[in-house]
Every structure is written in C-alpha cells, then in structure tokens.
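[1] the following comprises the amino acid sequence and a computationally predicted model.
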Amino acid sequence: MTTQVLEQATEERLIRRRASAEEFWSLPESLMHIEYVDGHIVTIPTPSLFHQRALGRVFIALYDFVEEDGLEKAAGGKKVGRLFVKPPDVALPSGDVVQPDLFFLAAGDARRAAEEQRVRCSPPFAVEVLSSATAEHDTLTKWALYGKNGVREYWIVDAEKRTVAQLVLRRRHHVLTEPGESDTIKASVPAGFEMTVGELLGV
C-alpha cells in the first residue's frame, strides 16, 4: 500500500480541473507551479534538478547580457528591462495566467509590476525548458497562447537534445528556427543577444 502511494505521488503529470478565474485568484499563495489556461486550473509537477540546472544556465547567460554586459551599457547605464524566473504569475490579456520558466519585461512594465506586485501584460520574451511532464503543454498550448497574446519571442529549450526552438512573431504568427548545439542563437528580444546553443546550455 505504501509503495502504491509513493508511485502515485511521484508520477509526473499535469493535473487540470475546470474552474472560474475567481476560483484561480482565490487560491492561497503557493510555491507550487499553478497556471490558469483556457478555463482550467493546471497544476504542474515540481521540476527536476536537470531542468533547473538548464534553466539556471540560460538565466545566467541572459542576465549577464541584460543587466551586466550588453543592454545597460548600450543605454548609457539606464535600465532597459528586467529578467524574471518562475514562479511569478503573468496575467495575459486573454485572461489566462502562466508562469514562464523565464521572461523579460521592458523597464516600464517591470516598474508597473513592481508597484502592483503582479505582472499584467504580455512579456515580449519568454522561455520554457522542456520536461517529460510539460512537453506537450509547452510546445502546443503555450506556443498558441503566447502567439495569441503577442509574445514577440519564445524559446523552447530541450536540454536533453541540446537544442532551442526559437519562435519569433512575424505578422501575428511565430516563425520557427531550431538552432542546434553548434549554431548561434540571435535574439530579437532582448535585442543584440547572441551565443551558441552549446555555450548557452553549458559545454
């Protein structure tokens, strides 16, 4: 009996249940990864250490560019935006609420988010790192959701295959490129960032 409970508790799967937006916002504050998508509360399993290591590498590379080496220097020391890692809620214009693994906000939106303690806009840039439980959610559901809400650039990182699906919004549709480990990925948001996928994910 104990073994069955443990197996059920560690099973990696998304749990969806239909609910109103009011029900979602009335949930108690939690460190669990919970989203509100298409009228459903979606509970997502805790990420693996492998997932978090890959996310950490991508965050460090982008943070160094946004806040240390690139954008700030180009703007004469002026803040041009901020990077965030989950679990902050991102309330999209469609009414859906997501928790991207990583996202970027321009300076004005970042200031408003700090004042309101909530993100109420579409980030121009978002990243999701794939795991077995979230692969379909990230590659189908969120791709469509981010396109509908005008997210200008979306990366889907496959750390196991060491590839990045780079989706850049062009005339309301994302255009897909898939650079491999030895290829250079060049971001349109945050503009000017470029690095080989191998360097981005750690050699």
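    Thanks, I have it.

[2] what's the spacing between the residue nearest to the spatial centre of the chain and P88?
    Nearest to the mean C-alpha position of the chain, by C-alpha atoms, centre = their mean, lies P100 at 2.7 Å. P100 sits at a distance of 9 Å from P88 (criterion: C-beta to C-beta, to the nearest Å). (Each C-beta comes from the backbone N, C-alpha and C, glycine too.)

[3] just the C-alpha atoms of the lengthiest helix in the chain, please, in CSV.
    The residue-count maximum for a helix in the chain (DSSP state H) belongs to helix 49-63. Extracted in CSV, the C-alpha atoms of helix 49-63 (Å, rounded to 0.1, in the frame of the first residue of the first chain):
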residue,chain,number,x,y,z
LEU,A,49,17.3,19.1,-10.9
PHE,A,50,18.3,18.6,-14.6
HIS,A,51,15.6,21.1,-15.6
GLN,A,52,16.6,23.6,-13.0
ARG,A,53,20.3,23.4,-14.0
ALA,A,54,19.4,24.1,-17.6
LEU,A,55,17.2,27.0,-16.6
GLY,A,56,19.9,28.4,-14.4
ARG,A,57,22.4,28.4,-17.3
VAL,A,58,20.0,30.2,-19.6
PHE,A,59,19.2,32.7,-16.9
ILE,A,60,22.8,33.5,-16.1
ALA,A,61,23.7,34.0,-19.8
LEU,A,62,20.8,36.3,-20.4
TYR,A,63,21.2,38.1,-17.1
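
[4] now the element after the top strand by length along the chain, going C-ward?
    Using DSSP state E to assign secondary structure, the strand with the most residues in the chain is strand 163-170. Using DSSP states H and E, the helix or strand that follows strand 163-170 in sequence is strand 173-177.

[5] walk me through which strands that next one pairs with, and which way each runs.
    Partner strands for strand 173-177, per DSSP bridges, with pairing direction: strand 163-170 (antiparallel).
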